[in-house]
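# Kindly generate the corresponding structure for this input.
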Amino acid sequence: MIGSHRSIAMKTDRPSRPAPASKLQQRRPLRRSGNIRWGIRFATCLTATILAVGPSSAASANTDIVDPFAVIAVVDRASEMAPWPGFDASAYPVAIYDGEHTLLLRHPNPPTEFEPLEGRDGVWYFEGKHPAMRWNSNADIGGVRTATLLLTIEPGRSVEYEAHILYHEIFHLFSKPLHPTWRPNEMWRYSYPMEDLDNYRLLLLEEEALARAVESQSVEDTASWALAALALRTDRLAELSEEHSTFETVLELQEGTAVYMGRSTIETASDTGRLREERGPEGIRWRCYETGAAVAVILDRLMPSWKKTLDAKPETTFAELLEMAVPDAGVAAASFSDEDLAETTARAEAAIARLMAKRAALYDEFNQRGKKVVIRTADDNEILEFGRFDPMAVEILEKGEALQAHLLTASHPRGEVKLENPHFERRSLAGVIALTRPAGDHPFLQGYRQITVTGFAGEPVVKRNADTVSVEAEGLFVSYDGAFVESTDDKLVITVPPADAK
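Residues are numbered from 1 along each chain as shown. Sure thing, here's the model as predicted:
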């Protein structure tokens, strides 16, 4: 574990090169004189009074982006409560981006691109957004895993809210080495049976049972609804593949504990609104955040020692912990009314119908996007081998087909396909996009049988160099030895011959 922030200044051999006061005091007022700028904040050294104040602090009074040091102060106060055995959030490196600078704190070896911040031992800054700052997560900065927080994702959120997110990410730094089995294989969510009505109906009932357990006012009622959730989960997981059931249970541990820890700092761990949120069957990943957090709250009531038990036996699942905890309550499982069951079935049917309608609309939109480039193998026993993709830019469709809206690479002994959408935006299918047809049960892992690309501006250009055929278009590059090309008004088809063909 990295040492506390009070000793960080002693841990680096790099000589201090304090930023001149004018560098932080004068630059920003010249650009936007109406706001309180970094130089003003740092010139005052952010006294303890300012640090202790929440959303109404001087740093946040005239801007929607809260003061990063106020966020750190909330995290440190939460750490003093010791919510998990052996965990001290103030002992881990943190990087915070506030829209103008990236601050680095408690880091044992800051990279050379960071400058020491005058007047604050152990604090370093980078002008602008550091390349590692992609999202609220953790990243490698100077060879050290570091919790990252972007205060620009949703300006206007309170200091406490931002602090609870940072606390969540810091907890991952603690839990990952302690619990190496908490590593869900993210690839299995792409083949998860989202359209399975029975599974989704039981998922909704399980969520509701957990919500009622959290909301119950007595230990007996909490245990009774926890038993109901366990029974539903047992029946449901028995019908899932081992890969998909393991994905759920491991993700619950990895993310559910972090959500629970973060929310505990702002006393919202027992809120059930997010657990009951309508996210559809395609939201299976985010559902596990909420169910895991709910189980943690339930275990606090039924088995207060659950954290020590989990640390001592890292491969234990949340379901197994509940099974250990519930028998002590001496109660029977609660049951849903007929009305509850009918309402849940109707919700599940409507959600599956919306999913199928959404997929049909995506197919229609893709088919109407204009000329297409189709890459396929001549031999059904050969594949276009899966390479890279952007997990945040994928829509899974029928029978494992997928729309990929940003990044895609695939290879074959005779050549490759590369796609990179120059117009990509999150939650958008604008620009160059590919429809992939899988070679196996999984959308990606067994490779592709066919890739169809559309949405590029202009006409694709076909080039030949000896036996090599290449096709270039906006955001797309295709090159194969010995390929056959067929062209029509609306389609350019590239057929890749077998690898051993002469």
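
# If we go by neighbour counts, what in the longest helix along the chain is buried?
If you go by DSSP state H, the chain has its longest helix at helix 338-367. Neighbour counts over helix 338-367 (16 or more other C-beta atoms under 10 Å) mark 344, 348, 351, 352, 355, 359, 362, 366 as buried. Heads up, the C-betas are built off the backbone N, CA and C, glycines and all.

# Ok, stretch 102-111 next?
Within stretch 102-111, the residues scored as buried using 16+ other C-beta under 10 Å are 102, 103, 104, 105, 106, 107, 110, 111.

# Tell me which helix or strand the third one sits in.
Following DSSP states H and E, one finds residue 104 within strand 101-105.

# neighbouring contacts of that strand?
By C-beta atoms under 8 Å, 6 or more residues apart in numbering, the residues outside strand 101-105 that reach it are 5, 8, 38, 68, 72, 93-97, 110, 114, 117, 122-130, 133, 141, 146.

# before we move on, the earlier item: I'd like the buried residues of helix 338-367 as JSON lines, with distance to residue 81 and pLDDT appended.
Shown next, in JSON lines, are the buried residues of helix 338-367 (distance: C-beta to C-beta, whole Å; pLDDT from 0 to 100):
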{"residue": "344", "distance to residue 81": "37", "pLDDT": "98"}
{"residue": "348", "distance to residue 81": "40", "pLDDT": "98"}
{"residue": "351", "distance to residue 81": "39", "pLDDT": "98"}
{"residue": "352", "distance to residue 81": "43", "pLDDT": "98"}
{"residue": "355", "distance to residue 81": "42", "pLDDT": "97"}
{"residue": "359", "distance to residue 81": "46", "pLDDT": "96"}
{"residue": "362", "distance to residue 81": "47", "pLDDT": "95"}
{"residue": "366", "distance to residue 81": "51", "pLDDT": "95"}
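
# Quick one: the residues you listed as JSON lines, columns for distance to residue 228 too.
What follows is the buried residues of helix 338-367, written out as JSON lines (distance: C-beta to C-beta, whole Å):
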{"residue": "344", "distance to residue 228": "13"}
{"residue": "348", "distance to residue 228": "17"}
{"residue": "351", "distance to residue 228": "21"}
{"residue": "352", "distance to residue 228": "23"}
{"residue": "355", "distance to residue 228": "26"}
{"residue": "359", "distance to residue 228": "32"}
{"residue": "362", "distance to residue 228": "37"}
{"residue": "366", "distance to residue 228": "42"}
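
# rewinding a little: what pLDDT, on average, does the strand holding residue 104 get?
For strand 101-105, the mean pLDDT works out to 96.

# heads up, I number from 584, so please use that
With 584 as the first residue, the last one maps to strand 684-688.

# Figure out the length between the terminal residues of stretch 734-741.
10 Å (C-alpha to C-alpha, to the nearest Å).

# which SS class is residue 782?
Residue 782 falls in the helix class when you classify it by DSSP: H, G, I helix; E, B strand; the rest coil.

# same question but for residue 1032, I mixed them up
Secondary structure, three-state DSSP: residue 1032 is strand.

# What separation do you get for it and residue 824?
The gap separating residue 1032 from residue 824 is 22 Å, by C-beta to C-beta, to the nearest Å.

# Look at those two and report which has more neighbours.
residue 1032 (17 against 14; other C-beta atoms under 10 Å).

# So what's the predicted local confidence for the spatially most central residue of the chain?
In the chain, the residue lying closest to the centroid (C-alpha atoms, centre = their mean) is residue 720, at 7.8 Å. pLDDT, residue 720: 95.

# Repeat that for the one 3 residues further on.
Predicted confidence (pLDDT) for residue 723: 97.

# Return the residues in contact with it.
Contacts of residue 723 by C-beta under 8 Å, 6+ apart are 715, 729.

# Now do the SS call for it.
Applying three-state DSSP: residue 723 is strand.

# so where's the chain uncertain?
584-646, 911-912 (pLDDT under 70).

# quick one, domains of it?
588-761, 769-912, 952-1079 (automatic domain parsing).

# coming back round to it: tell me the one among the buried residues of helix 921-950 nearest to residue 790.
Residue 790 has its nearest neighbour among these in residue 927, at 9.6 Å by C-beta to C-beta.

# which element is the nearest residue to that closest one once chain neighbours are set aside on?
If the residues on either side of it in the chain are set aside, residue 927 comes closest to residue 787, at 5.0 Å by C-beta to C-beta, 6 or more residues apart in numbering. Residue 787 is located in helix 780-798, with elements delineated by DSSP H and E.

# can you pull the buried residues of that helix?
Neighbour counts over helix 780-798 (16+ other C-beta under 10 Å) mark 782-797 as buried.

# Which of the residues you listed sits closest to residue 867?
Using C-beta to C-beta, the buried residues of helix 780-798 come closest to residue 867 at residue 786, 7.9 Å.

# now the end-to-end length of stretch 1034-1042.
Using C-alpha to C-alpha, one end of stretch 1034-1042 lies 18 Å from the other.

# Kindly report the same for stretch 1010-1022.
Stretch 1010-1022 end-to-end distance (C-alpha to C-alpha) = 26 Å.

# Pull out the buried positions in it.
Neighbour count says stretch 1010-1022 has 1012, 1014, 1015, 1016, 1017, 1018, 1019, 1020, 1021, 1022 buried, by 16+ other C-beta under 10 Å.

# I appreciate the help and will end here.
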